[in-house]
Structures are given as C-alpha cells and as structure tokens.
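>>> Build me a model:
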Amino acid sequence: MSDRAPMVALISATSAAIHPAEAAFRRTFPSAVLWNLLDDRLLTEADQRGGLDAELYDRMGRLIDHAIASGAAGALLTCSMYAPVAHAYSTGPTPVLASDDAAFERVAELAPPCVLVVGSLPSSLQDSCNRLRAALESRGISVEVTGVVAKGAFEAAIAGDTERIVESIQTAIEAHGGTDNAPVFLAQYSLAPAAGAVADRLSVEVITGPNSSADLLRGRLTGTEGVP
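Model (predicted):
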C-alpha cells in the first residue's frame with residue numbers, strides 16, 4: 001500500500017449530492033484526496049426520459065473511465081440511479097462503488113418487517129425501491145419496501161436549504177401515514193443532511209448512503225476493511 005493519500009473521485013449527477021458526500025469522507029476517511037466530477041444533467045435527463053437509458057449509461061461510464069485514467073484510486077457514484085454503471089466495474093482493479101450498496105447492507109442487517117424509502121424525484125424513487133428489493137431478495141430477506149416522494153425536497157437540496165428538506169421529508173412521511181416504527185432510507189445523497197433531524201422528529205432510524213459508502217472505500221483503499 002502506497003504512503004501517498006489515495007484520491008477518490010466523487011462522481012455526481014447533481015451538485016446537491018456533493019456536500020453530503022464530502023462531509024461523509026471528512027468524518028470517516030479524512031486522509032482521502034477528493035476529486036469531484038459533475039454532470040448536472042444526468043439526473044434531470046434521466047427523470048425526463050423515465051429512467052436510465054443507453055446513452056446516459058455510456059455518459060456516466062465515460063466519467064468513470066476518465067477518473068480512473070487520471071489516477072483515482074477509487075470512485076463513488078453519488079447518484080443512486082446510476083448503480084448499474086458502477087456494478088459493471090466490479091471486477092476491475094479500481095473499486096467503483098454504487099451509492100447505496102453499503103446502505104442496503106444496513107437494511108439487510110436490521111431485517112425489519114418494512115422499510116420506507118423517501119426520494120426527491122419519482123423516477124429515482126422507483127429505481128431505489130426496485131434496487132433495494134432486489135438486494136434484499138438476493139439475500140433471502142423478506143422486507144416490505146414502500147416509497148414516497150418528498151415534494152420540494154429536490155429544489156430545497158439544490159438551494160442548500162436543509163430545514164426545508166427536513167420539512168418536505170416529514171410532510172411526505174406523515175401524508176403517507178407515518179413509518180409505523182419502520183426505518184427510513186433516504187434515496188438520494190442530497191437528502192442526507194436532513195437525516196439527523198428526521199430521525200429525531202420521528203424517532204426512527206434513518207439510513208443514508210454517504211457515511212456507509214465512505215467507510216467501505218476507506219477499508220478497501222487502506223487495507224482496513226471490516227476495522228472500525
């Protein structure tokens with residue numbers, strides 16, 4: 001293992017995801033050198049097209065290839081919708097993580113009767129619910145996965161208005177009928193700054209991708225995987 005600090009590329013489809021990802025690395029992997037790569041049309045175009053298509057898939061792949069060719073020791077895709085692109089690099093020498101795989105592991109560990117997924121856009125919410133169901137089913141774990149869109153949260157995240165994100169999430173959950181003590185999974189990194197306040201207000205565990213992903217990359221790039 002080189003003594004040189006590893007460079008980690010944070011590849012984002014919206015600028016609102018950058019701060020939560022950086023904050024997670026500052027907490028759990030402060031020695032990493034962070035490099036932000038942003039294509040801020042990737043998420044809105046996917047929403048307009050009804051999901052990830054071949055052209056957008058290839059566009060994200062080019063960003064990953066650029067990061068690796070330019071010296072990134074690892075990469076994290078902060079947008080949940082682009083997980084299939086990250087998984088295509090799973091056999092390569094450079095770790096490329098999808099945004100939510102580590103968070104899905106947390107849901108699997110809890111194995112609750114149900115989990116509520118909160119998203120900021122309909123297409124990304126549906127994608128996250130489908131991927132979480134598939135991840136749980138692959139482990140033989142039966143969990144009811146339901147989802148709700150927090151209206152206004154996307155715009156609040158772009159504006160950096162954490163309080164408005166919290167209010168949007170709380171309103172959406174209450175309109176859904178509450179959580180019934182089920183854990184909540186926030187489907188986008190841009191919603192992660194609201195996690196603590198939402199957990200406090202609703203007295204439930206709120207799971208997000210940034211912290212778990214940063215911890216997983218720390219382990220892989222420093223040879224300390226599985227070490228607290």
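
>>> Outline the domain layout of the chain.
7-99+210-222, 101-208 (automatic domain parsing).

>>> okay, the ones you listed in JSON lines with mean neighbour count and mean pLDDT next?
No exception for glycine: its C-beta is placed from N, CA and C like everyone else's. Converted to JSON lines, the domains of the chain look like this (neighbours: other Cβ atoms under 10 Å; pLDDT from 0 to 100):
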{"stretch": "domain 7-99+210-222", "mean neighbour count": "19", "mean pLDDT": "94"}
{"stretch": "domain 101-208", "mean neighbour count": "19", "mean pLDDT": "94"}
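
>>> so Ala103 touches Gly209, yeah?
Yes: using Cβ atoms under 8 Å, Ala103 is in contact with Gly209, at 4.5 Å.

>>> Do a quick rundown of the strands in the protein.
Using DSSP state E, the strands of the chain run over 7-12, 33-38, 74-77, 96-97, 114-119, 144-149, 184-186, 206-207.

>>> Need those strands in a markdown table (columns: distance to Ala197).
Below are the strands of the chain laid out as a markdown table (distance: least, Cβ to Cβ, whole Å):
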| stretch | distance to Ala197 |
| --- | --- |
| strand 7-12 | 23 |
| strand 33-38 | 25 |
| strand 74-77 | 24 |
| strand 96-97 | 26 |
| strand 114-119 | 13 |
| strand 144-149 | 17 |
| strand 184-186 | 12 |
| strand 206-207 | 9 |
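
>>> For Arg106, which non-adjacent residue is closest in space?
In this structure, Arg106 finds its nearest non-sequential neighbour in Ile207, 5.3 Å apart by Cβ to Cβ, 6 or more residues apart in numbering.

>>> what are the bridge partners for the one you found, then?
Phe185 (DSSP bridges).

>>> From Thr222, how far off is it?
24 Å (Cβ to Cβ, to the nearest Å).

>>> Give me the distance from stretch 13-31 to the chain's centre.
11 Å (Cα atoms, centre = their mean, to the nearest Å).

>>> For Glu225, which non-adjacent residue is closest in space?
Gly219 (3.1 Å).

>>> again with Ala197
Nearest non-adjacent residue to Ala197, counting by Cβ to Cβ, 6+ apart: Val166, 4.5 Å away.

>>> Would you mind listing the residues in contact with that neighbour?
By Cβ atoms under 8 Å, 6 or more residues apart in numbering, the contact set of Val166 is Ala194, Ala197, Val198, Arg201.

>>> Mind checking which of these are in helices?
The helices, defined by DSSP state H, take in Ala197, Val198, Arg201 from those.

>>> Now do Gly226, the pLDDT please.
On pLDDT, Gly226 comes in at 59.

>>> likewise Met1?
43.

>>> who's in contact with Cys79?
Ser12, Ala13, Thr14, Ala17, Leu42, Leu43, Ser99, Ser124, Gln188, Tyr189.

>>> Next step: these restricted to helices.
Using DSSP H, the contacts of Cys79 in helices are Leu42, Leu43, Ser124.
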